[in-house]
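J.: Prediction below, plus the sequence it came from.
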Amino acid sequence: MESLQFDAQENVQRAVADSNDEIIQLRETVSALREELDDLNHEKTRAVQEVLASHRDEIEQLTNTAQALRDELDNLNHEKNTAVQEMLQQSREETGQLRETAQAVRDELDAVKFSYEGRIEELERTAREDRRQLHETITKLREELEGKHGK
């Protein structure tokens, strides 16, 4: 009888230890995923900043070019004036395209962030469910153990 009781206690302790190990592993997984999300957010922020800096430089260059063209227009006759106006229009179109590209990159980064946030929420839900099931299993094992002690 004592041997059965000892075996039952040993099984319960093993189940509790296994549950604790799994909880620790789940916590480590969540922590690793959080770190990965932070890394992705930092990478996204850095990429956006690089794109924005690149676009700011290009816009500044285009603005400087446009001003230089305006200065040159003052010195040219009417025919040259028309040609420069066409070049300015092309520059505006390129700037518009670059702005659209920047917005598309921002949208894509937002989509990646949303995807990772959804995955993290899913993993957290799974971890909560696993913990709940482990608690139920422990409770059942305790009840079985208590039931065997009571017999």
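T.: Arrived safely, thanks for sending. Numbering: from 1, shown residues only.
J.: Is the residue nearest the centre of the chain within a helix or a strand, and which one?
T.: By Cα atoms, centre = their mean, the chain has its centre lying nearest to K113, at 3.6 Å. Here K113 sits within helix 78-150, counting by DSSP states H and E.
J.: List of residues touching stretch 137-151?
T.: Residues outside stretch 137-151 that contact it (Cβ atoms under 8 Å, 6 or more residues apart in numbering): 4-5, 8-9, 11-12, 15-16, 19. Just so you know, the C-beta spots here come from the backbone N, C-alpha and C atoms, and that holds for glycine as well.
J.: Repeat that for stretch 113-132.
T.: By Cβ under 8 Å, 6+ apart, the list of residues contacting stretch 113-132 reads 22-23, 26, 29-30, 33-34, 36-37, 40-41, 44.
J.: List buried residues within those residues.
T.: By neighbour count, with 16 or more other Cβ atoms under 10 Å, the contacts of stretch 113-132 hold 26, 44 as buried.
J.: quick revisit: which of the contacts of stretch 137-151 has the most neighbours?
T.: Across the contacts of stretch 137-151, neighbour numbers were computed from other Cβ atoms under 10 Å; S19 holds the maximum, 18 neighbours.
J.: Verify the stated contact: it with L134.
T.: Yes: the criterion here is Cβ atoms under 8 Å, and S19 meets it with L134 at 4.6 Å.
J.: and the gap between D74 and K44?
T.: 45 Å (Cβ to Cβ, to the nearest Å).
J.: for E79, same thing?
T.: With Cβ to Cβ as the criterion, E79 and K44 are 49 Å apart.
J.: who's in contact with L98?
T.: 55, 58-59.
J.: let's see it at 7 Å
T.: Residues near L98 by Cβ atoms under 7 Å, 6 or more residues apart in numbering: 55, 58.
J.: Distance-wise, check it relative to V51.
T.: Distance from L98 to V51, counting by Cβ to Cβ: 10 Å.
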